[in-house]
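Q: Please work out how this folds:
(2 chains)
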Amino acid sequence: MCESGAPLPGAPIHMHTQHSDPPSLTDDARPRIARGFRLQWEAAQDSHVLLYPEGMVKLNPSASEILQRCDGAHTFTQIVAELEQRFDATALRADIAAFLNMAHTRHWVDWPSAPSAP
Amino acid sequence: MPKDGSSFSLDGQGKPLWLALELTYRCPLKCVWCNNPLDFETYTKHELSTEEWKKVLRESRELGSLQLGFTGGEPMMRDDLEELVGYANELGFYTNLITSGIGLSEQRLLKLKEAGLKQIQLSVQSSRGALTDELVGAKAHEIKIEVAHMIKRHGFPMVLNVPVFKQNVELVEEILALAEEIGVDYLEFANIQYYNWALLNREELLPSLEQLQAAEAAVQRARVRLGKKMTIYFVIPDYFEDRPKACMNGWGAIHLTIAPDGMALPCQESRVIKGLEFVSVRDKPLKWIWEESPLFRKYRGEEWMKEPCRTCPEKEKDFGGCRCQAFLLTGDASNTDPCCSKSPHHHVIEEALKQKDAPFRVQRPLVKRMPGVASVQFME
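A: Okay, here's the model as predicted:
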């Protein structure tokens, strides 16, 4: 299942509904796992999982590589650079941006709007 | 269960992903819709100890449980709640507290936060103090509202959970305003389900279809007005639907409940089904109970199904509905949930809905959840 059901019937719950349109993902945006979410390695699932109120998702390897770097310290540029180095690849930027925007829409991550350039 | 290849899927794969611990059936409230057993008071002297609960947490985590709900009764009645939350958090559970708010002082809230509690589900019954207090049988309303503000102040993700029945269904708009004032980001109107105390009081609690439609319309207006400020869910009661709920995502599929006395249950209500052999975590390893015990295998999968479920194209969607409801309303837990319009017993639902509006119906007092009120000796 995509997201396991709540103990009582009802749709999966998403918190933090204030930001459903992601602010633009600038180079110096520092994505972080949203409040109330917990990212952890789950041996029983042989993967990382993201836990949140009333729900959870199993992450594929690339999603977990990206989310592990969403620590509020790495900038978007740094995340792209690290992953391109790690996978010996180039041009991952668009894919990572697409994933992060999707993750933001699902309230998994957020990033404060970067200060505007002087 | 769908076995899709989506990269963001979490199939149960036979694991009890959701663990509910009913720490105690003790509770300071006397709610007339309580889903605890009618003889709840007999469990108190058999409650698991702190160490026994910890063993349950370890064993369940090893089986792959991830989401954990501390519930009851009122879980705040257990002095070791903070210790258990801390232990569960260290084991890698996502910890949820399901509470009436009574007993949740600021000091305990801070300790729970420190222990790693992630989310609180707080029940609120109405927007009017006198009504809440009457329905729960205690001076509780003001305390609940204060607790809601306090949880917000400490930045916990919070779900305000409103059980819906005839006595509050017309107050949905007022309750929405109250939730807005508190700053709730998630509000759930959950029409109550009719087991145990709620079933005992069913005739006086069932709302009418018109009341439900008006309530849902009010929720819809609020969604438009509040936009992204608040997420509002409105769970229609299965009595008013054509198809049954996909209860627990199937028996023994992803949900595991441990009762105060250590009995492992496929759902919190399953003890109402007579003739099942329940096993305590005191007597057997949880792994055996979950994977091998006759109880958990009884209605797992589709083998047990009779007609009309057996050949129904929707059986993978709703798993035949709720086994407990099938037992309570048809006498056989392997029957189709009578809430399904395809059930040959569907008339029992239609009659229940008619009964409450029958001419010359004698109105009955609501029976409050109190020790010794209901005799279950003759229910074998």
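
Q: Report the beta-bridge partners for the residue nearest to residue B:67 when sequence neighbours are not counted.
A: Closest residue to residue B:67 apart from its sequence neighbours, by C-beta to C-beta, 6 or more residues apart in numbering or on different chains: residue B:18 at 4.9 Å. Where C-beta positions appear, they are placed from N, C-alpha and C, glycine not excepted. Legend: beta-bridge partners of residue B:18 under DSSP bridges are residue B:67, residue B:255.

Q: my read: residue B:18 touches residue B:254, true?
A: Yes. Counting by C-beta atoms under 8 Å, residue B:254 is a contact partner of residue B:18 at 5.6 Å.

Q: what's stretch B:311-318 in contact with?
A: By C-beta atoms under 8 Å, 6 or more residues apart in numbering or on different chains, the surrounding residues in contact with stretch B:311-318 are B:1-2, B:243-247, B:302, B:305, B:309, B:320, B:337, B:340, B:342.

Q: now the residue nearest to residue B:67: how far from residue B:69?
A: 7 Å (C-beta to C-beta, to the nearest Å).

Q: Please verify my assumption that residue B:157 contacts residue B:119.
A: Yes. Under the criterion of C-beta under 8 Å, residue B:157 makes contact with residue B:119 at 4.6 Å.

Q: For residue B:18 and residue B:69, work out which one has more neighbours and name it.
A: Neighbours per residue (other C-beta atoms under 10 Å in any protein chain shown) separate residue B:18 from residue B:69, with residue B:18 holding more: 26 against 23.

Q: per-residue confidence at the more buried one?
A: On the pLDDT scale, residue B:18 is placed at 94.

Q: how about the strand or helix carrying residue B:90, does it get close to chain A?
A: Residue B:90 belongs to helix B:81-91 when assigned by DSSP states H and E. No. Helix B:81-91 lies out of reach of chain A by C-beta under 8 Å from any C-beta of the partner chain, never closer than 9.3 Å.

Q: Could you list every helix and strand that that helix packs against?
A: The helices and strands touching helix B:81-91, judged by 3 or more C-beta pairs under 8 Å, 6 or more residues apart in numbering or on different chains; DSSP states H and E, are helix B:50-62, strand B:67-71, strand B:94-99, helix B:106-115.

Q: For the stretch 201-350 of chain B, list the residues in contact with chain A, please.
A: Proximity of the stretch 201-350 of chain B to chain A, by C-beta under 8 Å from any C-beta, involves residues B:228-231, B:233, B:235, B:238, B:245-247, B:249, B:254-255.

Q: and the longest helix belonging to chain A, how far from the chain's centre?
A: Longest helix in chain A by number of residues (criterion: DSSP state H): helix A:93-105. Remark: helix A:93-105 is offset 8 Å from the chain centroid, using C-alpha atoms, centre = their mean, to the nearest Å.

Q: Point out the other helices and strands that it packs with.
A: By 3+ C-beta pairs under 8 Å, 6+ apart, helix A:93-105 packs against helix A:61-68, helix A:76-86, strand A:109-110.

Q: Which of the ones you listed has the highest mean neighbour count?
A: strand A:109-110 (a mean of 22; mean count of other C-beta atoms under 10 Å in any protein chain shown).

Q: Can you give the strand pairings for that strand, parallel or anti for each?
A: Strand A:109-110 has these strand partners (DSSP bridges): strand A:32-33 (antiparallel).

Q: who's in contact with the strand it pairs with?
A: Outside of strand A:32-33, the residues within contact range by C-beta under 8 Å, 6+ apart are A:39, A:50, A:67, A:70, A:71, A:72, A:108, A:109, A:110, A:111.

Q: follow-up on the earlier one: CA atoms only: put the longest helix of chain A into CSV for me.
A: The C-alpha coordinates for helix A:93-105 follow below in CSV (Å, rounded to 0.1, in the frame of the first residue of the first chain):
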residue,chain,number,x,y,z
ARG,A,93,20.0,18.4,-10.6
ALA,A,94,16.6,18.3,-12.3
ASP,A,95,15.7,14.9,-10.9
ILE,A,96,16.7,15.9,-7.4
ALA,A,97,14.7,19.2,-7.7
ALA,A,98,11.7,17.3,-8.9
PHE,A,99,11.9,14.9,-6.0
LEU,A,100,12.3,17.7,-3.4
ASN,A,101,9.4,19.6,-4.8
MET,A,102,7.3,16.4,-4.7
ALA,A,103,8.5,15.8,-1.1
HIS,A,104,7.5,19.3,-0.2
THR,A,105,4.1,18.9,-1.6
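
Q: Name the residues of that helix that are buried.
A: For helix A:93-105, a neighbour-count test (16 or more other C-beta atoms under 10 Å in any protein chain shown) marks A:93, A:96, A:97, A:99, A:100, A:101, A:103, A:104 as buried.

Q: nearest spatial neighbour of the third one, skipping sequence neighbours?
A: The spatial neighbour of residue A:97 that comes closest, neighbours along the chain excluded (C-beta to C-beta, 6+ apart), is residue A:25 at 5.5 Å.

Q: so the one you found sits in a strand?
A: No. If the criterion is DSSP: H, G, I helix; E, B strand; the rest coil, then residue A:25 is coil and not within a strand.

Q: What strands line up against the lowest-mean-pLDDT helix or strand in chain A, and which way round?
A: Least confident element among the helices and strands of chain A, by mean pLDDT, DSSP states H and E: strand A:55-58 (a mean of 88). The strands beside strand A:55-58 in its sheet (DSSP bridges) come out as strand A:47-52 (antiparallel).

Q: Counting neighbours, what do you get for the residue nearest to residue A:97?
A: Counted with other C-beta under 10 Å, residue A:25 comes out at 16.

Q: Assumed residue B:216 was part of a helix.
A: Yes. Assessed by three-state DSSP, residue B:216 belongs to a helix.

Q: That one contacts residue B:237, correct?
A: No. Using C-beta under 8 Å, residue B:216 is not in contact with residue B:237; the gap is 11.4 Å.

Q: who has more neighbours, the two?
A: More crowded of residue B:216 and residue B:237, by other C-beta under 10 Å: residue B:237, with 18 against 15.

Q: and the residue nearest to that one when sequence neighbours are not counted, how far is that from chain A?
A: Nearest non-adjacent residue to residue B:237, counting by C-beta to C-beta, 6+ apart: residue B:191, 3.6 Å away. From residue B:191 across to chain A, the span is 10 Å (C-beta to the nearest C-beta, to the nearest Å).
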